[in-house]
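Engineer: Sequence first, then the predicted structure, then my questions.
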There are 4 protein chains.
Amino acid sequence: MKKGVMRPGHIQIRVLDMDEALKHYRDLLGLIEMDRDDQGRVYLKGWTEVDKFSVVLRESDTPGMDFTGYKCVSEAVVDQLREELIAFGCQLEDIPAGELKGCGRRVRFDSPTGHHFEIYATKEQTGKWGLSPTNPEAWPRGLTGIKATRFDHCLLYGDDLDGTLKLFTEVLGFDLAEQVLDENNTRVAQFLTASMKAHDVAFIKHPEKNKFHHASFYLETWEDVLRAADLISMTDTSIDIGPTRHGLTHGKTIYFFDPSGNRSEVFCGGDYHYPDHEPVTWTTDSLGKAIFYHDRQLNERFLTALT
Amino acid sequence: MKKGVMRPGHIQIRVLDMDEALKHYRDLLGLIEMDRDDQGRVYLKGWTEVDKFSVVLRESDTPGMDFTGYKCVSEAVVDQLREELIAFGCQLEDIPAGELKGCGRRVRFDSPTGHHFEIYATKEQTGKWGLSPTNPEAWPRGLTGIKATRFDHCLLYGDDLDGTLKLFTEVLGFDLAEQVLDENNTRVAQFLTASMKAHDVAFIKHPEKNKFHHASFYLETWEDVLRAADLISMTDTSIDIGPTRHGLTHGKTIYFFDPSGNRSEVFCGGDYHYPDHEPVTWTTDSLGKAIFYHDRQLNERFLTALT
Amino acid sequence: MKKGVMRPGHIQIRVLDMDEALKHYRDLLGLIEMDRDDQGRVYLKGWTEVDKFSVVLRESDTPGMDFTGYKCVSEAVVDQLREELIAFGCQLEDIPAGELKGCGRRVRFDSPTGHHFEIYATKEQTGKWGLSPTNPEAWPRGLTGIKATRFDHCLLYGDDLDGTLKLFTEVLGFDLAEQVLDENNTRVAQFLTASMKAHDVAFIKHPEKNKFHHASFYLETWEDVLRAADLISMTDTSIDIGPTRHGLTHGKTIYFFDPSGNRSEVFCGGDYHYPDHEPVTWTTDSLGKAIFYHDRQLNERFLTALT
Amino acid sequence: MKKGVMRPGHIQIRVLDMDEALKHYRDLLGLIEMDRDDQGRVYLKGWTEVDKFSVVLRESDTPGMDFTGYKCVSEAVVDQLREELIAFGCQLEDIPAGELKGCGRRVRFDSPTGHHFEIYATKEQTGKWGLSPTNPEAWPRGLTGIKATRFDHCLLYGDDLDGTLKLFTEVLGFDLAEQVLDENNTRVAQFLTASMKAHDVAFIKHPEKNKFHHASFYLETWEDVLRAADLISMTDTSIDIGPTRHGLTHGKTIYFFDPSGNRSEVFCGGDYHYPDHEPVTWTTDSLGKAIFYHDRQLNERFLTALT
């Protein structure tokens, strides 16, 4: 948190059919439905998250990600970063408080990879779901499905990785935690963090701008990943790959698809990062192992199934 | 144990190069080398096994399984079953005590699927490896690699499943624990047990006789399966599939290959069986899920990579 | 299964208040309520058990165990063992079919430790709870609480261990799997099995006859033991000790009390046994470690809180 | 990381006998011995730590903690905080570079609880032990014992909690993540963090200044905690309590003692913290549960066994 950006605070995902989407995000992933708005958007969160919501689903004709928002420690930080985003050359849009229910004003901006991000500092805090703030139990009863604990990060595909790295590190104070370099030392994947997590956002090089690879949710244990895999099978949900481990970050993971074709990940474990850590580097001759540590080869879907 | 057959007691596997094989079975799987004989065979076991050995490696020009042996409660049982095997029509071979070091006389016989099996009742007992018989610790220190706890079962491919089922159930007292039936109710896979385990031996229908699919070793936990997967990757060992779960038996598993092309499995968990349990049935329209519960489709290798 | 006795099939436990007891056995342990009878008894089972029930609760003024019943492979075995029990000198009672709903005739007998046991061969099979017999999923959805998978064994306190060992081994075909010997080589604890499990019943030496220490239920993993511990705490249930490991059997365990003062155990893992295994021996100078492997000392409750 | 302090970077612990201490910290805990100096101090680290060392053992007549040091992002931060520490009224000592081998200059200061702390920004980086910085495997082979991954935090006992809270939050930029309040709303325990971890240092109210309760090391899983418990038993190491869970932080834990009487903890999991999170509060009427979530009562040792 070099410049006051704390964490990924929300992601807005486009889905083709809200009822079907809720079977995925609420009933299978186990996110908690927190609210709906008059646009028909549905707000959800993982049970460990203290803010009111972290996932917003919007019905649309095309799947994909509308934007991801990062929460800052103060409105003053938002003001300061707003100036720096303008100076960096971003297209800015000021979103008034209340446009997302319970969320203060947001500053939306585009990245050189063509994605939309936001910063904001104010959101209603409802506390961890199902737990008292005083003498809280270890976990709440009544969770469903995979019991995802929080929205953790997203992985995005786009063209200008260098520009986006510059934006996230120089303006927003993220660190480059992990990367993949090709034989010319060109960075083809970059994992960026504003915290101890191995990634708060990640990018993979791709000719097209503004593509969405997956939204990721955190689980506590490898046994939870197995439970997730079992539930994915029991519910006839389209699986991508897993349970397995990533080489990058060393997280233990499974990928699967929502009914609109957006990829979801649940994962646990993985490396931690501090600002004085050198970036972990993988090379493209080991790309298969970098992505899928056990199979040591990419499946075609990983590179092409994007929304 | 309806007729005195207790468990799979040993398997003899052919390997192309003994030094390479030992890197797999001893250093990676973590079996303990117990002895060698003047034929150059190497004897190994898992640490929880009280008998002297359970895996015998024999150098040969072709990989595959020579035989699997089942231990009986007494020599009288061996005598009795020997008569019944003859009556059943098996080709018998009496192997004298000492042919395998530390093992008593064995009665070898063939099955209608063309495999060779043995029964025996006497083998030197060296106790659990690294543990005292009095006040034993929870596990021994000094284990290596995957730390396989025991030889658990083998899966074999062959043609005459009905005949082999009859042999194992009527003569040897096994139960049919799990099966796959095709659309004509023909059994195309059968999992047989003489104990509480979901399988002490398994067969899959295949036009050719006497094929070996894999030898399986038991681990205690799903986290051990992950460790195994990690070690398979670290040692550049050829992986087949996993970590995943089987639908049949519901065991949690990973498949990989020894340097000779013989498939190994390590797994944990899974269903238990008692003689009054109806066989669990899977149907061929769910065969993918029966074999690989999460992916829900077979990979080609599962059906064709045999030794 | 040397003489046709398969497993502990049911236990009848006396509870002071049925509604309170159901909060424990059904809501906390996660056993499934299967039936009630006109005596007011409630029948429950773990989800993996194929027979209709395994736990029967009976309201009474005093807590404790009425009896434990062992299921045999056939009525012919029951007939045969009935004769041998008489010859051994047991007091016999023939209980007609239907006295427990869905259960065939039972032969009840007493042991030299003053406990009551039963053998029977017939019970209605309802299959694993919540799973189809064809293409069964890995586990059923809708389980509650600790999700105990099966009634596993009971531990009993009584005086005549030698006589009871003789009864269980010679008449019923059990093996002595584990034992504790004092400095005079007198057996002060004996763990007996009719299967691969480290114990299907266990006894600890105690001056008084017919005391009940605990009924034990099986969980699949150490993480399930943690979940159990968390739920025990969340429900303000009286805990005895754990999570910890036993030295004897090496199972991973937690002990706690039902509202009537009967002790429950849930555990996972532990040693397996075959008839050719020498008994595992612990000595009384290591009794603390034999019982509680990590603390290495008994708590007073373990020896005195009996029903 | 509000003011540039990243993490607990090292702790110097006094031990009565270095050889015995190394059996504990190196052979049992599994820390890696990295260096020794001409004072006879031994330097160790956990395998995931990129800096050269995190634990320094010093032979002495009395056990306890000499100091804990926090690493800052830059020397400029150290300069700035040095001024603020003076303004706060701390006693300062400037320790020249090289006093600890491989470590730059340190600024040592005392806290109102009488403990000694340090800040520094420079330490030799040797990288994660046993792993390549490029294409790193999931974990290194050759680890021993409990395989502790990193020095995580220490818990200290002392009198002036308010003053120390002020020092850590106002000068060093820590947050109050969790606390225990008594019936008068007086804080009797405070858990402070400079990161996402639930505690980077913790204090419990105690009449005497400068007491050391434990140094804590991080493990990845609950199964690792079991392995630790097993190893503690196998090595006849004095155990305090566990495996269990804390209510505070919800970490899964075990406490044990080094041969000098200093308490060690290994733990996994637990809550995460961001600067916008309200402190989690436990009340003294639930103190037992706050400390030991399953037993729900303190053992006497927790409050009195200090060094």
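Structural biologist: Structure received.

Engineer: Next, count neighbours for A:Asp236.
Structural biologist: Around A:Asp236 there are 9 other residues, counting by other C-beta atoms under 10 Å in any protein chain shown. Quick note: C-beta positions are derived from backbone N, CA and C, even for glycine.

Engineer: now A:Thr169
Structural biologist: The burial count for A:Thr169: 16, using other C-beta under 10 Å.

Engineer: from memory it sits against A:Gly163, does it?
Structural biologist: No: here A:Thr169 does not reach A:Gly163: they are 11.1 Å apart, not a contact under C-beta atoms under 8 Å.

Engineer: For A:Leu226, give me phi and psi.
Structural biologist: Main-chain dihedrals, A:Leu226, degrees, to the nearest 10: phi -60, psi -50.

Engineer: how near is it to C:Asp230?
Structural biologist: 19 Å (C-beta to C-beta, to the nearest Å).

Engineer: cool, and A:Ala76?
Structural biologist: 41 Å.

Engineer: A:Tyr293: which element?
Structural biologist: Using DSSP states H and E, A:Tyr293 falls within no helix or strand.

Engineer: Hmm, A:Thr249 and it touching each other?
Structural biologist: No: here A:Tyr293 lies out of contact with A:Thr249, judged by C-beta under 8 Å, at a distance of 10.0 Å.

Engineer: which residues are in contact with both of those two?
Structural biologist: Contact with both A:Tyr293 and A:Thr249 is made by no residue, according to C-beta atoms under 8 Å, 6 or more residues apart in numbering or on different chains.

Engineer: who's more crowded, A:Ala76 and C:Asp230?
Structural biologist: C:Asp230 (20 against 11).

Engineer: what's that one in contact with, if anything?
Structural biologist: A:Glu137, A:Ala138, A:Trp139, D:Arg245, D:Tyr293, D:His294.

Engineer: how about 10 Å then?
Structural biologist: Going by C-beta atoms under 10 Å, 6 or more residues apart in numbering or on different chains, C:Asp230 touches A:Glu137, A:Ala138, A:Trp139, A:Arg141, C:Ile146, C:Pro243, D:Arg245, D:His250, D:Tyr293, D:His294.

Engineer: Sort out which one of these lies nearest chain B for me.
Structural biologist: Nearest to chain B, judged by C-beta to the nearest C-beta, of the contacts of C:Asp230 is C:Pro243 at 14.1 Å.

Engineer: these two touch, right, the closest one and C:Gly269?
Structural biologist: No: counting by C-beta atoms under 10 Å, C:Pro243 stays clear of C:Gly269, with 11.9 Å between them.

Engineer: Let me know the pLDDT of the closest residue to A:Gly64 other than its chain neighbours.
Structural biologist: Nearest residue to A:Gly64 in three dimensions, chain neighbours excluded: A:Thr307, at 4.3 Å (C-beta to C-beta, 6 or more residues apart in numbering or on different chains). On pLDDT, A:Thr307 comes in at 94.

Engineer: ok, A:Thr307 to A:Gln12 distance?
Structural biologist: A:Thr307 is 13 Å from A:Gln12, by C-beta to C-beta.

Engineer: Give me the common contacts of those two.
Structural biologist: A:Gly64, A:Met65.

Engineer: Kindly state the domain boundaries assigned to chain A.
Structural biologist: Domain assignment for chain A by the TED database gives A:5-120, A:153-304.

Engineer: shared neighbours of C:Pro243 and C:Gly269, anything?
Structural biologist: The contact lists of C:Pro243 and C:Gly269 share C:Trp222, C:Val225, C:Lys252, C:Thr253, D:Leu226, where a contact means C-beta under 10 Å, 6+ apart.

Engineer: close enough to count as contact, the third one and C:Tyr218?
Structural biologist: It stands for C:Lys252. No: counting by C-beta under 10 Å, C:Lys252 stays clear of C:Tyr218, with 11.2 Å between them.

Engineer: When these two are compared, which one has more neighbours?
Structural biologist: C:Lys252 (27 against 22).

Engineer: For that one, list the residues it contacts.
Structural biologist: Here C:Lys252 is in contact with B:138, C:219, C:221-222, C:224-226, C:242-246, C:266-270, C:293, D:223, D:226, D:229, D:243 (C-beta under 10 Å, 6+ apart).

Engineer: and if we set it to 7 Å?
Structural biologist: Taking C-beta atoms under 7 Å, 6 or more residues apart in numbering or on different chains, we find C:Lys252 in contact with C:Trp222, C:Val225, C:Pro243, C:Arg245, C:Phe267, C:Cys268, C:Gly269, D:Leu226.

Engineer: if we can go back for a sec, now, among the contacts of C:Asp230, which is nearest to C:Asp182?
Structural biologist: Here the nearest of the contacts of C:Asp230 to C:Asp182, counting by C-beta to C-beta, is C:Pro243; it sits at 28.6 Å.

Engineer: Please state the offset of the helix or strand hosting that closest one from the chain centre?
Structural biologist: Using DSSP H and E, C:Pro243 falls within strand C:239-245. In terms of C-alpha atoms, centre = their mean, to the nearest Å, the centre of strand C:239-245 is set 18 Å apart from its chain centre.

Engineer: Likewise for stretch A:238-253?
Structural biologist: The answer for stretch A:238-253 is 15 Å, by C-alpha atoms, centre = their mean.

Engineer: All set now, cheers.
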